[in-house]
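Chemist: Just to be clear, the model below is a prediction. Sequence and coordinates:
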Amino acid sequence: MPRTGNVTNDNDYEKFRLMSRLLNHENELTTEEHLALNDEFGAHNYLPLPVVYERTKGVWAWDIDGNKYLDFLSAYSSQNAGYCHPKIVKALCDTAKHLGVPSRAFLSETQGPFTAELAEFCQKDMVLLMNTGAEAVETAIKTARLWGYKTKGVPEGKAEIIVMDGNFHGRTTTIVGFSSEKLYKDGFGPFTPGFVSVPYGDDRALYNAITPNTVAILFEPIQGEAGIKVPPDGYLQNIRDMCDGDNVLMIADEIQVGLGRTGYRFACDHEEVVPDLYILGKALGGGLYPVSAVVGDKDTLGLFIPGQHGSTFGANPIACAVGRAYLRVYHEEDLAYRSKNAGEYFMKKLREINSPYIKEIRGRGLLIGVELDRAARPFCEALKELGLLCKETHGNIIRLAPPLIITQKQIDWAIKRIKKVLEA
């Protein structure tokens, strides 16, 4: 029963009415009621558009009012294979029917095969499985420090990791502590020391920041949350060269941009660069389940000993089954190639739009940012009314990142609406 208390004003009455309908299983809630429930009982850490998903399939989403939308956000690259891909859904359901989450004191039938297949996919020796992207980043940080003390010989407690201005690697207190975004940090200190931040894309600043205590350079091959920032040509190769020259680990956060999103297996592949550690997540779970990983060689991940790091749900059987299914779909449907072709076509069509608001269009594959000379949210709201869902980032940038299975016909459908809004 709802905690009624004393109904003393209109707000209390509305709250009581909503809880009564919810708990008594009355008629389906309206969009406004869903928004009201979230506003009343959910912490306000997001500002969503007024859309309540009821059903998704492929590149499409339907809300509870029956409106159909083309989803151009892809859950921040989690939906590379499209919503509810039947092979990934089958892998999840088949495993969940007979195998729950065991203790990590044991193995499951899906764990070994998945780690082997993911290591082979990345052309690395070892995999350390976690759940969320932030957990994987934290794991990579611990790996780099462990390597620095055990292998490089950095004095205990002195390890430094170089990061980039504009980075987004997650929301833990350690990670937001080295963010350059004030909003992410306000009210959450004190923060973990040991991080040095340099401008993204600046070779000289990066070189000058390296010291004998530097154990790693942590970076995004393309900065997604910062507004789809593509680094200068040769930047990734320069990072690789600096790491080789100064005995520093190169750690690529490919959580948003890897696994086919930018038209290649990894965004680092654009410059044929291989980092020491890959950080993976989002799409690895097929858009259905949180799966993340750090992938590297025995000289890094092989340093861990039992009990030194772990996760109750990391490498659980459902996660591993889903991850294996995504890798199969990636190969069978050639997702990276489709992303490359569709992205080139989409970019060409976007650049044909004659809009006074557009400052720049940039990106790779199906990760594209349209930078405007004003706030982007009103344009996203207008596109929502025309059946296209996308989101602003950094205030004045529209992120356009549909599932990699999108067709040319569907891109044309989207371009017609984007053109109408941006030329209005």
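Modeler: Structure's in. What do you need?

Chemist: Provide a list of residues in contact with the residue most central in space within the chain.
Modeler: With distances taken as C-alpha atoms, centre = their mean, Q256 lies nearest the centre of the chain, 3.8 Å away. Q256 makes contacts with Y76, S77, E220, I222, G224, E225, K282, L367, as judged by C-beta atoms under 8 Å, 6 or more residues apart in numbering. Where C-beta positions appear, they are placed from N, C-alpha and C, glycine not excepted.

Chemist: Can you get me a residue count around the second one?
Modeler: Spelled out, it's S77. 26 (other C-beta atoms under 10 Å).

Chemist: just the fourth one next, same as before
Modeler: For I222, the count of nearby residues is 26 (other C-beta under 10 Å).

Chemist: if we can go back for a sec, in what helix or strand does the residue nearest to the centre of the chain lie?
Modeler: Assignment of secondary structure by DSSP states H and E places Q256 within no helix or strand.

Chemist: how close does it sit to D244?
Modeler: Applying C-beta to C-beta, to the nearest Å, the value for Q256 to D244 is 26 Å.

Chemist: got it, and K391?
Modeler: Using C-beta to C-beta, one gets 38 Å for the distance from K391 to D244.

Chemist: More neighbours: these two, which one.
Modeler: The neighbour count for K391 versus D244, taken as other C-beta under 10 Å, is higher for K391 (19 against 11).

Chemist: can you list the weak-confidence ranges in this structure?
Modeler: Residue ranges of the chain with pLDDT under 70: 1-10, 25-27.

Chemist: Show me it divided up by domain.
Modeler: Per automatic domain parsing, the domain ranges recorded for the chain read 1-39, 47-81+335-423, 86-332.

Chemist: what about T143, how many residues close to it?
Modeler: 25.

Chemist: again, but for the one 3 residues further on
Modeler: Using other C-beta under 10 Å, L146 is surrounded by 19 other residues.

Chemist: And L280, by the same measure?
Modeler: So L280, with other C-beta under 10 Å, has 28 neighbours.

Chemist: Distance of it relative to M164?
Modeler: Taken as C-beta to C-beta, the span from L280 to M164 is 19 Å.

Chemist: Which positions within stretch 379-390 qualify as buried?
Modeler: F379, C380, A382, L383, K384, L388, L389, C390 (16 or more other C-beta atoms under 10 Å).

Chemist: nearest to S108, of those residues?
Modeler: Closest approach to S108 among these (C-beta to C-beta): L389, at 36.2 Å.

Chemist: who's in contact with the closest one?
Modeler: Contact partners of L389, counting by C-beta under 8 Å, 6+ apart, are L49, V51, A61, Y69, L70, D71, F72, L73, L383.
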